[in-house]
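1. Quick one: sequence plus predicted model below, questions after.
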Amino acid sequence: MVIRKILFCTDGENHTHKAEIYAVTLAKTSGADLVALYIVNPFMKKFTHEIYAVNRNECRAYLDRSLQKEGENALEVLSQRIEQEGITALTKMRYGYPEEEILKEIKEDRYDMVVMGSKLLKGWKKRFESFKLPESIIRKSPIPVLLVR
């Protein structure tokens with residue numbers, strides 16, 4: 001099996017750093033292209049419906065700008081770390097629900113594998129509140145998924 005293109009899903013959080021190391025190592029050893037994907041999740045915007053103030057639209061616009069900036073910063077830091085390893089990664093940002101956007105990205109481009117991080121969720125409440133994104137991607141992805149804890 002030849003690995004030509006790897007999709008690395010990141011959210012800029014600490015738990016994805018170990019997955020980043022795996023993605024970079026795989027890209028270096030296989031000579032594969034690496035694409036880092038950050039998804040701006042509109043989940044937080046749901047709460048702006050609760051704002052009945054005059055400035056609700058300004059609040060939504062501010063939230064959009066903040067989420068965009070957070071994603072840009074995460075991808076910039078990631079790009080710098082990856083370049084220190086001697087490879088270049090293409091960075092992409094998508095907007096939407098992470099599961100849907102990751103699966104769309106997989107369909108739209110020709111990837112050979114997906115690398116993503118996962119945190120160990122302790123207790124029933126944490127598992128219930130989580131989006132179970134890694135589990136969902138593993139079940140629905142048409143290509144291999146490397147899940148790194």
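-> On my side now, so go ahead. Bear in mind that the values here come from a model prediction, so they are computed numbers and not experimental data.

2. Next secondary structure after the least confident helix or strand in the chain by mean pLDDT?
-> Of all helical and strand segments in the chain, the minimum by mean pLDDT, DSSP states H and E falls on helix 124-129, at a mean of 47. On the C-terminal side of helix 124-129, the nearest following helix or strand under DSSP states H and E is helix 133-140.

3. the helices in the protein, which residues?
-> Here the chain has its helices, by DSSP state H, at 17-30, 56-84, 98-108, 124-129, 133-140.

4. Of these, which is nearest residue 3?
-> helix 17-30 (4.3 Å; C-beta to C-beta). The C-beta positions use only the backbone N, C-alpha and C, and glycine is treated the same way.

5. now for that closest one, which elements pack on it?
-> Counting contacts by 3 or more C-beta pairs under 8 Å, 6 or more residues apart in numbering; DSSP states H and E, helix 17-30 packs against strand 5-10, strand 33-40, helix 56-84, strand 113-117, strand 145-148.

6. can you list the weak-confidence ranges in this structure?
-> Across the chain, the ranges flagged by pLDDT under 70 are 44-54, 119-131.

7. Next, count neighbours for residue 14.
-> 9 (other C-beta atoms under 10 Å).

8. Residue 36 too?
-> 24.

9. pretty sure it contacts residue 6?
-> No: Residue 36 lies out of contact with residue 6 (C-beta atoms under 8 Å); the separation is 9.5 Å.

10. list residues touching both of these two?
-> residue 23 (C-beta atoms under 8 Å, 6 or more residues apart in numbering).

11. related to what we said a few turns ago, turn the helices and strands packed on helix 17-30 into CSV, columns for distance to residue 19.
-> Formatted as CSV, those follow (distance: least, C-beta to C-beta, whole Å):
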stretch, distance to residue 19
strand 5-10, 7
strand 33-40, 11
helix 56-84, 11
strand 113-117, 4
strand 145-148, 4
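
12. The ones you listed: which one's closest to residue 98?
-> Per C-beta to C-beta, nearest to residue 98 of the helices and strands packed on helix 17-30: strand 33-40, 4.7 Å.
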